[in-house]
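Chemist: Sequence and predicted model, in that order:
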Amino acid sequence: MRIASVVTLGVATVLGGVIAVTAVAATAAHKRQHHVPVLPGNCSDTAPCHFRKGTYRLGSKADLPGLRLTLPRGWSSNENWQGGLNLTPPGHPDDTLFVWTDMLAVKSTGPGHGTTVLTNVGTTPTALLAWLTSNPDFMVVTQPRATKIARRIPATTLTMGVSASASYGDPGCPSNPRCADFFTSPLWTQPGFYSIGYPEEVQLSLAAIKRGTHEHTLFVGLDATNDSDMAALRTATHSVIASFRLPKTVTPG
């Protein structure tokens, strides 16, 4: 804002004070951010990470750098890298809370399932939701509803299962033929894809975000072995998801 020359000196003095205070506040906030420990990233199926109770942030090599979250006692992870974050609450060894970005839709059943990327399905939340709710291999367990991620990012949340008419065609899935593939990531070792088999369910919250000038689709999901486990998993993960805080550089898309 341009200031008239007649009041330049007086306003400059005041503005100088404001700028100094703002700079001090920004520096203090920066220090607080970096005092929050980074969530360990060297986690795997054979060497899962077990976390102490506390607040953490995702590091620069994680899927969503700067994401802050508070974990109760007993939580663990077998994955925390650019390809995604998986978290397991105590008492739910077969259930997962996950955070992904920029997933690609794949052929859900039949020959080429999981490994065939559907180039006719877009990567925005709108395009993915249209595909999820119209694919006959999927079953919509709970209808899409408006939600928010990290208090300020508008999202759409729904729960999906596998349709009774699904014909997976692969005995490698214990629930064959009632299995279906959903997504893959360019960062995952191929062939690598996300799938579920009945009565497994997945709750998905999809949001359009921007990191700087780059647009992305954010996924926050819950994977549970069945419908009753999903209800219990929602309760177990509620405080953690509610604790999510995103850096200011991440904005609604």
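Modeler: Sure thing, it's come through. Predicted, not measured: the structure shown is a model, and the values here were computed from it. Numbers count the residues shown, from 1 in each chain.

Chemist: K210 and T46, how far apart?
Modeler: 36 Å (CB to CB, to the nearest Å). C-betas here are computed from N, CA, C, even on glycine.

Chemist: Please apply the same query to D94.
Modeler: 17 Å.

Chemist: Please identify which of those two sits among more neighbours.
Modeler: Neighbours were counted for D94 and for T46 using other CB atoms under 10 Å; D94 has more, 12 against 6.

Chemist: Wait, the more buried one touches N226, no?
Modeler: No: using CB atoms under 8 Å, D94 makes no contact with N226, being 9.8 Å away.

Chemist: Burial check on S239, number of neighbours?
Modeler: Neighbour number of S239 under other CB under 10 Å is 13.

Chemist: tell me which element it falls in.
Modeler: Using DSSP states H and E, S239 maps to helix 227-242.

Chemist: Look up phi and psi at the most centrally placed residue in the chain.
Modeler: By CA atoms, centre = their mean, the chain has its centre lying nearest to V99, at 2.5 Å. Main-chain dihedrals, V99, degrees, to the nearest 10: phi -130, psi 120.

Chemist: got a list of what the closest residue to it other than its chain neighbours touches?
Modeler: Spatially, and ignoring its direct neighbours in sequence, V99 is nearest to L85 (4.3 Å; CB to CB, 6 or more residues apart in numbering). If you count contacts by CB atoms under 8 Å, 6 or more residues apart in numbering, L85 has them with 39, 58, 62-64, 77, 79, 98-100.

Chemist: now these in a markdown table, with pLDDT and distance to P144?
Modeler: A markdown table is the format used below for the contacts of L85 (pLDDT from 0 to 100; distance: CB to CB, whole Å):
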| residue | pLDDT | distance to P144 |
| --- | --- | --- |
| L39 | 97 | 30 |
| L58 | 98 | 27 |
| A62 | 97 | 28 |
| D63 | 96 | 23 |
| L64 | 97 | 22 |
| S77 | 98 | 28 |
| E79 | 97 | 27 |
| F98 | 98 | 19 |
| V99 | 98 | 19 |
| W100 | 98 | 18 |
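
Chemist: just those residues now: which is nearest I153?
Modeler: Closest to I153 out of the contacts of L85 is L64 (11.1 Å), distances taken as CB to CB.

Chemist: wait, what's in contact with the closest one?
Modeler: If you count contacts by CB under 8 Å, 6+ apart, L64 has them with 58, 85, 99, 101, 218, 246, 250.

Chemist: In a helix, it, correct?
Modeler: No: read with DSSP: H, G, I helix; E, B strand; the rest coil, L64 is coil and lies in no helix.

Chemist: Helices of the stretch 51-200 of the chain, start to end?
Modeler: Per DSSP state H, counting those that start in this stretch, the stretch 51-200 of the chain carries helices over the ranges 125-134.

Chemist: those strands in it, which residues are they?
Modeler: Ranges of strands in the stretch 51-200 of the chain, per DSSP state E, counting those that start in this stretch, are 54-57, 68-71, 76-81, 84-88, 96-101, 104-105, 138-149, 153-162, 179-184, 194-197.

Chemist: Between the ones you listed, which one is closest to M230.
Modeler: strand 153-162 (6.8 Å).

Chemist: same question for that closest one, mean pLDDT?
Modeler: Averaged over strand 153-162, pLDDT sits at 98.

Chemist: now stretch 173-188
Modeler: 97.

Chemist: again, but for stretch 124-140
Modeler: 98.

Chemist: any idea how far P111 is from A180?
Modeler: 14 Å.

Chemist: Comparing the two, which shows the higher neighbour count?
Modeler: Using other CB under 10 Å as the criterion, P111 and A180 rank with A180 on top: 30 against 9.

Chemist: OK, contacts around that one?
Modeler: Applying CB under 8 Å, 6+ apart, the residues near A180 are 108-109, 135, 137-138, 162-163, 166, 168, 195-197.
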